[in-house]
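A.B. asks: Would you be able to build a 3D model of this:
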Amino acid sequence: MPTRHSLIWLSREGWQFAAEGLAPAPRAALARWQQADWPAVLRRQEPDTPADLVCLGLPLPPDADGDKIRIPLKTQLTSIQRIEPPLALQTALVHAPAWWLGPLHAFVEDCRRSGITMRIYGSWSWQILTRQSYLMPSSDIDLLFAPKSAGELSRGLALLEQYAAHLPLDGEIVFPDGQAVAWKECQQALQLADPQKVLVKSESGVGLTMLSTLIASLENAALT
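C.D. replies: Sure thing, here's the model as predicted:
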């Protein structure tokens, strides 16, 4: 089942459907994307989107002014040819820019020893997938961390906090039901005596949820 940030490859008919109604400039970008066989990324479903359509996005490389253009798309669910999860951090490591290398190697190794899998999305991921220039020295490392237990969540947050002193670590913790919380917000909330609600993103919207509910979902998932 695809989730936010999943990588989606479309059929020719899917690209044609997505291009309908777009202005000439984004249509040209879609044509280049299709020709290169690059994936689109799954984004949150817009309200009132018919069940047979899927919402996707194309993030173009930054322009000369550093501005980032994202093209929102909709196409038929049946036109999806292939779905892949976001790139694994360990796999991406060989493509890391020099300014991250030392601490990033140590971070990846500590994740491996702790049995933790991190994935990446955002600028670094798109630079690897398209071989276009997305990264700048100020770019963040956007991570996806989907712990399977409260213990794994604790270990992963400890590593993120430790290495954020040396790397621009950003990103989300994804809980079993697909709700995602910025890892920094999760970490800050856990340090409170009485953790409250946190901002969560889901496949259909954005809202506030009790952090204790999210952690309980990990414990329930570990029992099944």
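A.B. asks: Backbone dihedrals for the residue located most distally from the centre of the chain, please?
C.D. replies: Going by CA atoms, centre = their mean, the residue of the chain most distant from its centre is residue 193, 29.9 Å out. The phi/psi pair for residue 193 (degrees, to the nearest 10) reads phi -60, psi -30.
A.B. asks: so how far does stretch 113-120 reach from one end to the other?
C.D. replies: 19 Å (CA to CA, to the nearest Å).
A.B. asks: any idea how far it is from the chain center?
C.D. replies: 14 Å (CA atoms, centre = their mean, to the nearest Å).
A.B. asks: do stretch 139-150 as well
C.D. replies: 9 Å.
A.B. asks: what's the helix or strand hosting residue 125 in contact with?
C.D. replies: Using DSSP states H and E, residue 125 sits in helix 123-130. Around helix 123-130, the neighbours that count as contacts under CB atoms under 8 Å, 6 or more residues apart in numbering are 7, 36, 38-39, 59, 61, 86-87, 92, 95-96, 132-136, 139-142. Bear in mind the C-beta positions are built from the backbone N, C-alpha and C, glycine included.
A.B. asks: Weed out the non-buried ones from those residues.
C.D. replies: 7, 38-39, 59, 86-87, 92, 96, 134-135, 139, 141-142 (16 or more other CB atoms under 10 Å).
A.B. asks: quick check, nearest of the residues you listed to residue 164?
C.D. replies: Of all the buried ones among the contacts of helix 123-130, residue 141 has the smallest distance to residue 164: 9.7 Å, by CB to CB.
A.B. asks: pLDDT score for that closest one?
C.D. replies: For residue 141, the model assigns a pLDDT of 98.
A.B. asks: can you pull the contacts of it?
C.D. replies: Residues in contact with residue 141 (CB under 8 Å, 6+ apart) are 100, 104, 120, 124, 167-171.
A.B. asks: can you do 7 Å?
C.D. replies: By CB atoms under 7 Å, 6 or more residues apart in numbering, residue 141 lies in contact with 120, 124, 167-170.
A.B. asks: Mark which of these are part of helices, please.
C.D. replies: Mapping the contacts of residue 141 onto helices (DSSP state H) picks out residue 124.
A.B. asks: how about CSV for the contacts of residue 141, with neighbour count and distance to residue 204 added?
C.D. replies: Output for the contacts of residue 141, formatted as CSV (neighbours: other CB atoms under 10 Å; distance: CB to CB, whole Å):
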residue, neighbour count, distance to residue 204
120, 23, 24
124, 23, 27
167, 19, 32
168, 13, 30
169, 22, 27
170, 16, 23
